[in-house]
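K.L.:
Let me see the structure of the following:
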Amino acid sequence: MSIQQAEEPDREQEKQVARYLREHPDFFERHRELLGDMVLPHEAGGAVSLIERQVGVLREQKDELRRRLQRLVDNARLNEELVERIHALVLALLDARDLEAVLDTVRERLLADFEADAVVLRLFRPADARLAGRPEFVDWSEPVLGAFEKVIRGGRPVCGRLKSGQLDSLFADEAGAIASAALVPLRLPERERPLGLLAIGSRRRDRFHAEMGTLFLAHLGDVIARVLRPHLRE
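P.N.:
Got it, this is the predicted structure:
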């Protein structure tokens with residue numbers, strides 16, 4: 001077979017491609033990704049519309065990359081600020097002199113530093129005489145805990161919108177204003193059941209949602225549980 005014969009099918013294919021492109025002038029508009037891969041000669045004497053379109057696609061890609069990079073930078077900045085706030089909270093908890101100071105520190109720092117509109121801490125044990133009047137202490141036998149049994153048994157933070165009964169049992173008079181919340185079980189490695197539950201509420205519907213990451217919330221729950229451990233009697 002001669003070289004000329006071998007080239008004939010390619011020329012026929014080229015004619016078919018050229019005919020198709022002529023009949024479908026919007027082909028590259030529907031397949032923009034191909035423009036970035038094409039290489040065309042660009043004579044100095046005049047502009048080639050396809051090259052201009054190719055440059056436009058590359059410019060759009062560059063703008064998209066710039067937006068992605070900016071989002072990464074913004075997220076890194078937010079994460080750095082969050083780490084600093086958690087660090088400050090940990091130091092404040094370590095400085096707390098007694099159980100009452102620990103409970104007050106958790107609520108005050110979360111309200112002040114973590115964009116929370118409501119913070120509720122529930123510890124699943126009776127309080128001693130000195131703290132008997134504080135609302136943080138509840139009994140496992142209370143029926144209201146059944147509304148959170150799945151979260152408690154799962155042992156992982158859960159974010160999103162709560163049911164009306166859950167809102168009422170946690171946030172009481174503030175329940176109507178809470179549009180989203182994070183529930184954080186306070187677990188210790190040596191205990192089957194958690195010490196309690198931390199609830200952080202927000203008036204913003206998008207503040208806590210099911211798709212958000214919960215790594216920092218899990219770390220926060222671990223820290224609070226370990227700080228509480230020496231202050232709680234069995």
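
K.L.:
In the protein, mark out all the helices, start to finish.
P.N.:
Under the criterion DSSP state H, helices of the chain are mapped to 3-23, 27-30, 49-95, 99-113, 149-154, 164-171, 215-228.

K.L.:
could these be laid out in JSON lines, adding mean neighbour count?
P.N.:
All C-beta atoms are positioned from the backbone trio N, CA, C, and that covers glycine. Converted to JSON lines, the helices of the chain look like this (neighbours: other C-beta atoms under 10 Å):
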{"stretch": "helix 3-23", "mean neighbour count": "9"}
{"stretch": "helix 27-30", "mean neighbour count": "12"}
{"stretch": "helix 49-95", "mean neighbour count": "12"}
{"stretch": "helix 99-113", "mean neighbour count": "17"}
{"stretch": "helix 149-154", "mean neighbour count": "13"}
{"stretch": "helix 164-171", "mean neighbour count": "18"}
{"stretch": "helix 215-228", "mean neighbour count": "18"}
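
K.L.:
By mean pLDDT, show me the worst of those helices.
P.N.:
For these, mean pLDDT drops lowest on helix 3-23, to a mean of 74.

K.L.:
circling back: will you turn the helices of the chain into a markdown table that also has distance to P185?
P.N.:
Output for the helices of the chain, formatted as a markdown table (distance: least, C-beta to C-beta, whole Å):
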| stretch | distance to P185 |
| --- | --- |
| helix 3-23 | 61 |
| helix 27-30 | 51 |
| helix 49-95 | 18 |
| helix 99-113 | 14 |
| helix 149-154 | 6 |
| helix 164-171 | 14 |
| helix 215-228 | 6 |
